[in-house]
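Provided below are the primary sequence and the corresponding predicted coordinates.
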Amino acid sequence: MNKKSFHIEEVARYPSPGNVAPGAFAFSPDDSLLTFLYSPEHTLSRQLYALDLKTGERQLLFTTEKETTEENLSLAEALRRERQRQLGTGVTHYEWPRKGNRILVSFPDGLYVQDGLNASLRKILDITEEPALDPRFSPDGKWVSYVQDAELYIVPSEGGEPSQLTHDARGTGKTNGLAEFVAQEEMERYHGYWWSPDSQRLAFEQVDETHIPVYRIVHQGKDIVGEEAQEDHRYPFAGQPNAKVRLGVVSLDGGEPVWMSLGDFEYLARVRWMPDGSLTAQLLDRDQARLDLVSFNAETGSPHLLLTETSKVWINLHNLLSGLPTKKTQFANAFIWGSERSGYQHLYLYDGDGKLIRQLTAGEWMVESIAGVDAKRGVVYFTGRKDSPLESHLYAVSLDADEPRRLTTSAGMHDTVLDHSFKYFVDVHSSPTQPPHVALRRLSNGSKVREIYINDDPRVKDFRLRPPEIFSFQNREDVTLYGALYRPARRSRKPQPTIVYVYGGPHAQLVTNSWSMTASMRVQYLRNLGYVVFVLDNRGSAKRGLAFEAAIKHDLGNLEVQDQVDGVHWLVEHRIADPARIGVYGGSYGGYMSAMCLFRAPESFQLAVVESPVTAWDGYDTCYTERYMGTPQNNPDGYKVSSVMHHVEQMKGKLMLLHGLIDENVHFRHTARLINALILSRKPYDLLLFPDERHGPRRLEDRVFMEEQIRDYFLNNL
């Protein structure tokens, strides 16, 4: 193997070259230490390290034979990892409390606490049967909470007997303290309980899914049969009932919960305690066009409406809510809120009663996250796309709403973590020419204090990965689209066979000024085989504002395909792509898009590799599907036309379908329904199944085999 190529096993290997930097950064409560997860071997198995910020000394916090692997997880834990797209093993979860010098780590056999750098791990909870899900410290560090067998528990951090706080879910089909499926999968809410700031109470969600019919998944590839070879899921299909949820508050002393008055809203989108001890919730209606931010009296459950957001398109959920301290200052009890009311997500300052004080940021760009709020100095730190929709930077803006000040200077993507004293921040930076590296910087001006990690992955140098050409062009509607072009090393004056890599769905962006563009290993492998590879973010994708996203409302798989066709036409016009040899591939929404490109634009695409596709939106879940399509009852024509099966008759090219048989998110039923339509239309197809995989193959052997089959399919047919 020469240094300009690599074996196909590297395409299947995680993490990809360069993407081995430390992660899960957290400052200790006194800001003396910076902790993070890291694998010196550049594998998925990570350990917990601490960096002394005064001396610069780094040390491994503990060594243990205990670690999380794919093999020792319970089904409940495996499904939570699927929802969070978590692939890491070893130490996968740790936490500092807001106060105290102790760290919580969890392993399949129990929960452990370490008091300080040099102490030994202490097991505070032994797990023999049911897993302890979502373990977390109380803010004062005296308690550890968790959910076990559908009920909420606490155990003293010093050690002792656990206390059960809720008592009415076990054995009923309900759960206390766990987020329901659509909250985890579609709302990015992974917690189902929340500690009060004074560590005396917990708010928790009770979920009742017993009225939702069971969807059974059978492990067809296992040697066993019976109950051990099947999973039953309460899956809410579009247009059908959702889970019923309640929000309660329970004290550490136990007793009956106080239930909050949620009204008739469909979704409990977000929950957060405010500094004054009030409890807030974001409540979203079924159409996802109205969201109420409500404050509750935790003693009585009575609500107080703080504000309402409405949209003619849909509400994009966010985490842009931050309460200011209760001290007697100009902004006591005020809060910061994010809204897309202008068409772009920006920050607004409200008083404690929900009255708007002023808008803090504005313009045709979007705020992504609140990194921290220094109420003492009156400064909000946030990440956003002010300078380019392809880059993320850290900015500072005063509560008086001056012009935002950019703190990260290098072009590219920046992930940041601020310390508690607002002196320093961790900057994880990457660009197409720079794999992720980590520095500690001053929050005052962004200057570097020290390097934390310089990327040392030898594969970056050995494989000589070349970044793509990132460019923009105008589509047929004169809308600017961004694309990335990967040309083979050997340039040719003749148009080349071309492969389009697509996702194309909402809440996603593929084309960025980041290392992920360069470390896209399947793309790089196909480029080395002599293909031109093209990536395009069509209308409907993220980070471009609400109008750009809203173009696809109630009509999925139409304008997105038009934009991909316009991208192909651009390549053909510039004599880059051979119009008779163009293929497309993608997974999940990208699988849906790959199929739709082949079926709806047969004049442009001759081959599609379709991974884990949604093929009919009536077979996907309520929250995601109805946000963009409405319900099947109120948009029957839209559901019909947006179905892959509606366009099967137009298919002319080659089609390869891939799916995991135990996919509990996009069920194999999607691919099976498409196969039935192909048979009725006498359209040939190729099929690759993975009996023991879910939405994406996790086992290395399966991934290698999949990459070989995809490679050969392109080589033999394009």
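Happy to help now that I have it.

ok, which stretches of the stretch 401-550 of the chain are strands?
All strands of the stretch 401-550 of the chain, identified by DSSP state E, counting those that start in this stretch, fall at 405-406, 413-418, 424-431, 434-442, 448-453, 469-474, 480-486, 496-501, 532-537.

between the ones you listed, which gets nearest to residue 352?
Of all these, it is strand 413-418 that lies closest to residue 352, at 24.2 Å by C-beta to C-beta. For every residue, glycine as well, the C-beta is placed using N, CA and C.

Give me the contact list for the closest one.
25-27, 371-372, 381, 383, 391-394, 408, 424-431, 443, 512-515 (C-beta atoms under 8 Å, 6 or more residues apart in numbering).

hmm, try it at 6 Å
For strand 413-418, the external contacting residues (C-beta atoms under 6 Å, 6 or more residues apart in numbering) are 25, 371-372, 392-394, 408, 425-430, 514.

Check stretch 182-199 too.
83, 138-140, 152, 177-179, 202-205, 269, 271, 273, 317, 621, 623-624.

Which ones among these map onto strands?
152, 202, 203, 204, 205, 269, 271, 273 (DSSP state E).

Greatest separation within these: which pair is it?
Of all pairs in the ones in strands among the contacts of stretch 182-199, the most separated under C-beta to C-beta is 152 and 269 at 20.5 Å.

looking at the strands of the stretch 401-550 of the chain, which is closest to residue 332?
Of all those, it is strand 413-418 that lies closest to residue 332, at 22.0 Å by C-beta to C-beta.

Let's see the closest one as CSV, backbone CA atoms only.
Taking Å, rounded to 0.1, in the frame of the first residue of the first chain, the C-alpha atoms of strand 413-418 are listed here in CSV:
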residue,chain,number,x,y,z
MET,A,413,-15.2,25.0,13.4
HIS,A,414,-14.8,25.7,17.2
ASP,A,415,-16.3,23.7,20.0
THR,A,416,-15.9,25.5,23.3
VAL,A,417,-16.2,24.9,27.1
LEU,A,418,-16.0,27.8,29.6
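
What residues does residue 496 make contact with?
Contacts of residue 496 by C-beta under 6 Å, 6+ apart are 532, 578.

That one pairs with what?
residue 577 (DSSP bridges).

circling back to that earlier point, ok, so of the contacts of strand 413-418, who is nearest residue 49?
Residue 49 has its nearest neighbour among those in residue 25, at 10.4 Å by C-beta to C-beta.

how far away is that closest one from residue 42?
For residue 25, the distance to residue 42 (C-beta to C-beta, to the nearest Å) stands at 18 Å.

before we move on, what about residue 525?
19 Å.

With residue 704 instead?
Residue 704 is 18 Å from residue 42, by C-beta to C-beta.

and the gap between residue 106 and residue 363?
According to C-beta to C-beta, residue 106 and residue 363 sit 42 Å apart.

Looking at the two now, which is surrounded by more residues?
Between residue 106 and residue 363, counted using other C-beta atoms under 10 Å, residue 106 has the larger neighbour count: 26 against 13.

doesn't residue 95 make contact with that one?
No. In this structure residue 106 lies outside contact range of residue 95 using C-beta atoms under 6 Å: 8.9 Å.

could you list every residue that touches residue 92?
Residue 92 sits next to residue 68 when contact means C-beta under 6 Å, 6+ apart.

hmm, 8 Å instead?
37, 46, 68, 86, 106 are the contacts of residue 92 under C-beta under 8 Å, 6+ apart.

What of residue 20?
Going by C-beta under 8 Å, 6+ apart, the list of residues near residue 20 reads 39, 42, 455, 457.
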